Structure formats: structure tokens, C-alpha cells
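Asks: what's the 3D shape of this:
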Amino acid sequence: MIRTKSNVQNYLNNAMHLLTELIENEEWHNARAWVNKIPFDSIESDEYRGTYLWAKAKCLDFLGEHRHNIELMYLQSIKLHRNNPDPFPLIRSLVSLSSYYCYQGKAKRARPLLNESLKLVTQYEISGNIDISVLYAFGIMYGRLHQHHIALQYFNDIERLSSKENHHKLI
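Replies: Reported below is the predicted structural model:
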């Protein structure tokens with residue numbers, strides 16, 4: 001196959017969708033293999049660069065490879081997604097970095113990221129898994145801050161949302 005710019009862009013498009021799907025399904029080793037397969041320098045768009053950095057940071061984090069600068073990758077991902085008209089990649093990166101902070105003992109640093117995520121969810125009237133992931137991250141953050149009553153409120157909100165969604169599926 002001849003490597004034209006169009007073919008490379010199609011390959012990257014497919015690879016980014018597959019990479020996101022692998023991470024959402026928590027197939028960390030397969031996702032890491034794809035991260036290693038994609039040459040970062042061949043990625044031209046900010047959207048795909050941001051997705052790549054998010055995916056790489058997420059894989060390294062979940063595989064326990066903390067010798068890399070995971071925080072910097074997440075921060076660069078957020079910066080690259082700021083101008084994207086689609087809020088999902090930005091929310092995903094914000095929530096991932098906030099979770100990283102929570103599990104690294106830096107839960108206070110997660111709050112502004114989660115506030116921004118919640119603002120985007122509200123502004124774009126987003127529901128479903130992304131909304132639940134923001135609420136879950138808030139619950140984790142408040143738990144790590146030893147504010148368990150507030151954490152439980154977030155987990156109860158998730159339960160109510162899940163019950164409501166399941167009810168709508170039955171109708």
C-alpha cells in the first residue's frame with residue numbers, strides 16, 4: 001500500500017478510535033502495544049495528539065510504569081484538547097488527571113479539574129458514562145480528602161442516575 005497523506009490520516013483515525021476503545025475496555029496491554037506502534041511525530045492534529053498523550057498516560061498509569069512523566073502527558077493532552085469543539089476528549093483528560101492526582105496523594109489538585117469537567121458536562125448537557133465518570137471522580141476525590149459524607153452523596157447521585165437510565169431502557 002502506498003503511504004499517502006490520506007492513507008496515513010485514515011490509519012491514525014482508525015488507530016485512535018481503536019486505542020480509545022481498548023482503554024475504555026481496560027485492555028491495557030493491547031492499548032500499550034498500539035501506543036508503541038503509533039509514531040507520535042506522524043500525528044498532525046491537536047485532537048489526535050491529545051488523544052495519544054491521554055492514552056499513553058492512562059496505559060502507563062494503570063500498568064504501574066510511573067518512571068515516565070504521566071502528569072505532564074495528561075497536562076499536554078488537556079492543553080491540546082482545549083480548542084477542540086468536542087468536549088468529550090477534554091473531559092476525559094481532565095477526569096483522568098484528577099484520578100491520577102487522587103491516587104498519588106494529591107487529591108486537592110483534582111478539584112479544579114473536576115469542577116471544569118462538571119461545568120462542561122452541564123454546559124453541553126452530557127449524560128451517560130461521561131457524566132457518571134465525573135461524579136465518580138468527585139466521590140473518589142472527597143473520599144481521599146476524608147470527606148466521606150460528601151463522597152457518599154456523589155456515589156448516591158451515580159446510583160440515582162444509573163437507576164433512571166435503567167428505568168428508561170425498560171420503557
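Asks: C-alpha from now on. contacts and neighbour counts both.
Replies: OK.
Asks: quick test: name the residue nearest the centre of this structure.
Replies: For the chain, the residue nearest the mean C-alpha position is residue 92 (2.8 Å; Cα atoms, centre = their mean).
Asks: mind telling me what element that one is part of?
Replies: Assessed by DSSP states H and E, residue 92 sits inside helix 87-103.
Asks: shaky segments in the chain?
Replies: 1-3, 167-171 (pLDDT under 70).
Asks: packing partners of the helix holding residue 92?
Replies: Using 3 or more Cα pairs under 8 Å, 6 or more residues apart in numbering; DSSP states H and E as the contact criterion, the neighbours of helix 87-103 among helices and strands are helix 46-62, helix 70-81, helix 110-123, helix 129-144.
Asks: so can I have CSV of these showing mean neighbour count?
Replies: Output for the helices and strands packed on helix 87-103, formatted as CSV (neighbours: other Cα atoms under 10 Å):
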stretch, mean neighbour count
helix 46-62, 23
helix 70-81, 20
helix 110-123, 18
helix 129-144, 21
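Asks: present those helices as JSON lines; the columns should include distance to residue 29.
Replies: Output for those, formatted as JSON lines (distance: least, Cα to Cα, whole Å):
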{"stretch": "helix 46-62", "distance to residue 29": "8"}
{"stretch": "helix 70-81", "distance to residue 29": "17"}
{"stretch": "helix 110-123", "distance to residue 29": "27"}
{"stretch": "helix 129-144", "distance to residue 29": "22"}
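Asks: so which of the ones you listed gets nearest residue 6?
Replies: Taking Cα to Cα, helix 46-62 is the member of those nearest to residue 6, at 15.0 Å.
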